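**Q** Predicted model follows, preceded by the sequence.
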Amino acid sequence: MEGVVDYSVRARLTQLGGIDGCVTEFVRVTHTLLPEKVFRRFMPELEHNCLTRSGTPVKLQLLGGNAESLAANALRATEFGVQAIDLNFGCPAKTVNNSDGGASLLREPERVYAIVAAVRAAVPAQIPVSAKIRLGFEDRSRYMDNALAVFEAGANELTVHARSKVDGYKPPAYWDYIARIRESIRIPVVANGEIWTLEDFYRCREESGCEDFMLGRGLMAHPDIARHIKAHLSGQDYTPLSWRQVGTMLHEFHRGTIKQYSEKYIGNRLKQWLMYLRLHYPEANSFFEAVKRQRSVDDIEKTFIEQLHSD
Ligand SMILES: Cc1cc2nc3c(=O)[nH]c(=O)nc-3n(C[C@H](O)[C@H](O)[C@H](O)COP(=O)(O)O)c2cc1C
């Protein structure tokens with residue numbers, strides 16, 4: 001997730017378990033061949049064979065509208081060691097859509113086809129190429145055209161965020177569309193959208209018929225939900241992470257961001273994660289309220305101590 005799930009968030013979340021794979025933030029591709037340092041910045045896991053610290057594979061996410069340039073950059077990325085490419089046809093951001101990328105391409109399934117086909121042809125056969133789509137741009141009427149475009153162009157996997165661009169992030173997610181896609185194409189289809197709880201997971205599985213799921217905001221809010229789902233599926237008892245455990249992880253995460261981002265941005269990634277966590281943990285709300293205007297390392301550190309180690 002752009003601006004949210006960077007290298008260190010991926011490291012923390014995958015360490016908790018239950019996650020089989022993850023994707024970098026998107027690398028925007030225009031007309032140029034990007035330098036190596038860009039790929040390394042978005043995907044520090046390149047240093048570790050494209051695995052997070054706990055051994056979970058990471059895909060490189062590319063976004064853009066120029067098939068030739070995406071293909072050339074995808075090939076280049078594989079030369080630097082990238083082992084899987086994911087193409088973004090879902091981003092709803094105005095800046096991205098206005099410059100020909102993300103969900104705006106869903107208005108032209110033939111361009112989705114051209115992009116996937118070009119990238120598939122450019123990278124070595126053993127490198128999986130996946131794509132992520134929404135159900136459309138203005139509405140959901142062309143969902144199947146885009147899904148077929150991805151399949152016929154030779155992608156190895158399709159993730160479907162079950163909403164149009166205009167649907168935004170508003171519930172519901174239309175999981176039944178995913179079922180129709182899954183029945184029409186012969187590659188794995190990953191269901192995405194609006195999985196916040198164990199119950200949502202089971203309803204999504206039922207309605208989509210999928211076996212693979214992508215979690216976005218739900219995982220940020222409830223970092224061990226994937227582990228909980230897996231434990232439940234295999235009939236194991238599961239003790240959910242306590243707020244104290246989440247807080248300790250958050251503290252380590254925050255300390256890492258101090259080194260990673262410039263002083264101007266101190267605390268931003270922490271506050272952002274707390275915004276999601278407060279949807280699941282009531283304690284995250286008071287933490288967020290206490291920290292939201294703080295900008296110095298010392299103030300934030302003091303709040304951590306007050307909030308997490310007060311008894
Ligand atoms: C802040 C934010 C950033 C996102 N960045 C990306 C992205 O870079 N690539 C992508 O394919 N989807 C991105 N998404 C969409 C999510 O991956 C996901 O498809 C969407 O949030 C629905 O799933 P959820 O209900 O589990 O969150 C982003 C969503 C949010 C809220």
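**A** Yes, it's here.

**Q** going forward, measure contacts and count neighbours with C-alpha atoms only.
**A** Will do.

**Q** lowest-confidence helix or strand of the protein?
**A** One helix or strand of the chain scores below all others by mean pLDDT, DSSP states H and E: helix 94-98, with a mean of 84.

**Q** Could I get the CA-only coordinates of the helix or strand following it as PDB?
**A** Next helix or strand after helix 94-98 toward the C-terminus (DSSP states H and E): helix 109-122. Listed next in PDB are the C-alpha coordinates belonging to helix 109-122 (Å, rounded to 0.1, in the frame of the first residue of the first chain):
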ATOM      1  CA  PRO A 109      -9.100  -3.200 -21.500                       C
ATOM      2  CA  GLU A 110      -7.100  -3.400 -24.700                       C
ATOM      3  CA  ARG A 111      -4.400  -1.300 -23.000                       C
ATOM      4  CA  VAL A 112      -4.500  -3.500 -19.900                       C
ATOM      5  CA  TYR A 113      -3.900  -6.400 -22.300                       C
ATOM      6  CA  ALA A 114      -1.100  -4.600 -24.100                       C
ATOM      7  CA  ILE A 115       0.700  -3.800 -20.800                       C
ATOM      8  CA  VAL A 116       0.400  -7.300 -19.300                       C
ATOM      9  CA  ALA A 117       1.400  -8.900 -22.600                       C
ATOM     10  CA  ALA A 118       4.400  -6.600 -23.000                       C
ATOM     11  CA  VAL A 119       5.700  -7.200 -19.400                       C
ATOM     12  CA  ARG A 120       5.000 -10.900 -19.700                       C
ATOM     13  CA  ALA A 121       7.000 -11.100 -22.900                       C
ATOM     14  CA  ALA A 122       9.900  -9.000 -21.600                       C
END
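
**Q** gap between whichever strand or helix holds residue 62 and the chain center?
**A** Element membership of residue 62 [criterion: DSSP H and E] is strand 58-63. Centroid separation for strand 58-63 versus its chain: 9 Å, with CA atoms, centre = their mean, to the nearest Å.

**Q** Over to stretch 261-275?
**A** For stretch 261-275 - counting by CA atoms, centre = their mean - the centre lies 19 Å from the chain centre.

**Q** and if you look at stretch 100-120?
**A** That offset, for stretch 100-120, works out to 19 Å (CA atoms, centre = their mean).

**Q** Could you list the contact residues of the stretch 201-311 of the chain toward the ligand?
**A** Within the stretch 201-311 of the chain, the positions lying close to the ligand (CA under 6 Å from any ligand atom) are 215-218.

**Q** Looking at those residues, which is nearest residue 190?
**A** residue 215 (10.1 Å; CA to CA).

**Q** show me what contacts that closest one?
**A** Taking CA atoms under 8 Å, 6 or more residues apart in numbering as the criterion, residue 215 is in contact with 192-193, 195.
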